[in-house]
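Colleague: no sequence on hand, only this structure:
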């Protein structure tokens, strides 16, 4: 019997796995009929999930944690049994700003660029015109990676610059009108700004954290319990879609599907670039290849590491200026559900790690790790400043930023 | 009470505005422009903001409510959890409401109810319009099919129509569907039909 699941999403390339699971028949193979609900704000994606218009949603990972902890609205526990991808965002600046702080046309070194930006930020602040940087949402990985990089470069995100929210499709507009000087946004919206000549890509978020968690597939926790067989079937279908997605032979076909108006609704050539890890950094230039710009499949990229949820919690505490609370830390950690991911894929031969938590940012080179199933090697997962996050000491890590 | 309606559809905003105008002591401001939205909101200092779910500025607005130190009273979407039912109804209708802290719950509820009714009325209007457009297109197809039959079989217009009707009844389909089939078949046989 086929079971129907409705999935909410925002028009971004990293909504690809459920879409391709549907389009290539992997969902059907697993007995699922998928329907999609496209929206243009995270607030609406979340409302529809909470009020049952959708069963699951493509969601910025920090928002799933913030919702569970009741930030901004009454708490509602969400559960994420699948990470839709790592990274895939970039930092784009107006050509004027980029020319001042870096060498446009190549991806900068994050530490060097950070230093130059700190100087410019100070000058602009002194002149009474603080730099304005756009992010897509307060509770987004974009916001946390941008803030992490700024803070480690000596820029206080809430005092030295102004961080504002801009909806992804309007980032290029906002740069053109001078509303913002730069933004951290997902694809294809950086490339869209470059194509219009109003933006220059200077950094990939993968340069800030080589394996940073990005979007998750979120359910309301009670819905996940009630519809667990369907959720597990969807996880299997999305793993198959991921294998198809990362095969270079399928890129053009997948880009054409994702470009359709009912999905991302953008230029297929921009999408093709993003999913091939190719970025045109300045208008008219040849694309630059940055390996693992988007990371949707290899190294069990979809595995919901509890330590990733905990890292996001540390950043939520840091930027919402909260105190560490063991109860909140535990609730945040429970949002990521490796148990369900494991149960879905047990016996399929797919790769499953031995542990459910790891020290984030500890690997400088490919390292074999114990696996429950399959052989598993994890590559470099470092933060640009060389720090690492040990989930055994969440409180100490938070305190180290004070 | 100051109410701001944020809607990029000017028609829908007007329909909601009309509905809310019945409420005593209330001033309504309609914002249809995305640019400069936050500055306008700041100027208006509303007690309630209504914004449609399809509006791309929702995240921008929520962020503003979350961080703004300008507004004397904080604004939130959810006043208290007992409002859940009316919030669910508003989400179903496609509108979200942000309300300043301290506004009486019964005032919010009646206002939200009105907004929801207006949103639903607009949605009905839209679907009526789509239906009317569909009917018009169907009538054109039937006319085309009649002309094809008149032309190829040399029958009169009533006879052509009677034939479509007979075929529809015997095959248990709609006349419009039969007409569609006739037109498609004709296009395939003759090529692109300008004669039909």
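Modeller: Alright, I've got the coordinates. Computed from a predicted model, the values in this text were never measured in an experiment.
Colleague: and the nearest residue to residue A:90 once chain neighbours are set aside, which helix or strand is it part of?
Modeller: Once flanking residues are discounted, residue A:90 sits nearest to residue A:190: 4.4 Å by CB to CB, 6 or more residues apart in numbering or on different chains. Any C-beta I mention is one placed from the backbone N, CA and C, and that applies to glycine too. Secondary structure from DSSP states H and E places residue A:190 in helix A:189-195.
Colleague: what does chain A put close to chain B?
Modeller: A:39-44, A:47-48, A:51, A:53, A:72-74, A:136-138, A:164-167, A:169-170, A:177 (CB under 8 Å from any CB of the partner chain).
Colleague: filter those to the buried ones?
Modeller: A:39-44, A:47-48, A:51, A:53, A:72-73, A:136-138, A:164-167, A:169-170 (16 or more other CB atoms under 10 Å in any protein chain shown).
Colleague: among the residues you listed, which are in strands?
Modeller: Counting by DSSP state E, these place A:164-165 in strands.
Colleague: what's the closest non-adjacent residue to residue A:388?
Modeller: Closest residue to residue A:388 apart from its sequence neighbours, by CB to CB, 6+ apart: residue A:361 at 3.9 Å.
Colleague: let me know how buried the one you found is, in neighbour terms.
Modeller: Residue A:361 has 23 neighbouring residues, counting by other CB atoms under 10 Å in any protein chain shown.
Colleague: for it, grab phi and psi.
Modeller: phi 90, psi 20 (degrees, to the nearest 10).
Colleague: so where does the spatially closest residue to residue A:250 that is not a sequence neighbour fall, helix or strand?
Modeller: Nearest residue to residue A:250, sequence neighbours excluded (CB to CB, 6+ apart): residue A:244, at 5.5 Å. Assigned by DSSP H and E, residue A:244 belongs to helix A:228-246.
Colleague: buried sites along that helix?
Modeller: By neighbour count on 16+ other CB under 10 Å, the buried set for helix A:228-246 is A:230-242, A:244-246.
Colleague: for that helix, give the mean pLDDT please.
Modeller: For helix A:228-246, mean pLDDT rounds to 97.
Colleague: same check on stretch A:55-71?
Modeller: Stretch A:55-71 comes out at a mean pLDDT of 97.
Colleague: how far does it sit from the chain's center?
Modeller: How far stretch A:55-71 lies from its chain's middle: 13 Å, per CA atoms, centre = their mean, to the nearest Å.
Colleague: quick check: end-to-end length of that stretch?
Modeller: Across stretch A:55-71, the terminal residues are separated by 22 Å (CA to CA, to the nearest Å).
Colleague: identify the residue of the stretch 201-350 of chain A closest to chain B, quick one.
Modeller: residue A:320 (9.6 Å; CB to the nearest CB).
Colleague: from what I see, that residue and residue A:69 are in contact.
Modeller: No: at 9.3 Å, residue A:320 does not count as touching residue A:69 under the criterion of CB atoms under 8 Å.
Colleague: tell me the first helix or strand C-terminal of the helix or strand of chain B with the lowest mean pLDDT.
Modeller: Of all helical and strand segments in chain B, the minimum by mean pLDDT, DSSP states H and E falls on strand B:75-76, at a mean of 66. Following strand B:75-76 in sequence order, the next helix or strand is helix B:84-93 (DSSP H and E).
Colleague: right, is that next one up against chain A?
Modeller: Yes: judged by CB under 8 Å from any CB, helix B:84-93 comes into contact with chain A at B:87-88, B:91-92.
Colleague: now the helices for chain B?
Modeller: B:10-20, B:37-44, B:58-67, B:84-93, B:105-153, B:157-170, B:175-190 (DSSP state H).
Colleague: any residue of the first one touching chain A?
Modeller: Right, helix B:10-20. No: on the criterion CB under 8 Å from any CB, helix B:10-20 is out of touch with chain A, staying 15.9 Å away.
Colleague: quick one: distance of that helix to the chain centre.
Modeller: Centroid separation for helix B:10-20 versus its chain: 12 Å, with CA atoms, centre = their mean.
Colleague: what do you get for the longest one?
Modeller: Between the mean C-alpha location of helix B:105-153 and the chain-wide mean there is a distance of 10 Å, by CA atoms, centre = their mean.
Colleague: kindly state the pLDDT recorded for residue B:136?
Modeller: 85.
Colleague: just list the residues touching it, thanks.
Modeller: Contact partners of residue B:136, counting by CB atoms under 8 Å, 6 or more residues apart in numbering or on different chains, are absent.
Colleague: and it, how far is that from residue A:192?
Modeller: 37 Å (CB to CB, to the nearest Å).
Colleague: hmm, back to that, of the residues of chain A next to chain B, which belong to helices?
Modeller: Counting by DSSP H, the part of the residues of chain A next to chain B found in helices is A:42-44, A:47-48.
Colleague: any idea how far chain A is from the most centrally placed residue in chain B?
Modeller: Taking CA atoms, centre = their mean, the centroid of chain B lies closest to residue B:123, which sits 3.8 Å from it. In this view, residue B:123 and chain A are 14 Å apart by CB to the nearest CB, to the nearest Å.
Colleague: residue contacts, residue A:104?
Modeller: Contacts of residue A:104 (CB under 8 Å, 6+ apart): A:95, A:98, A:200, A:202, A:281-282.
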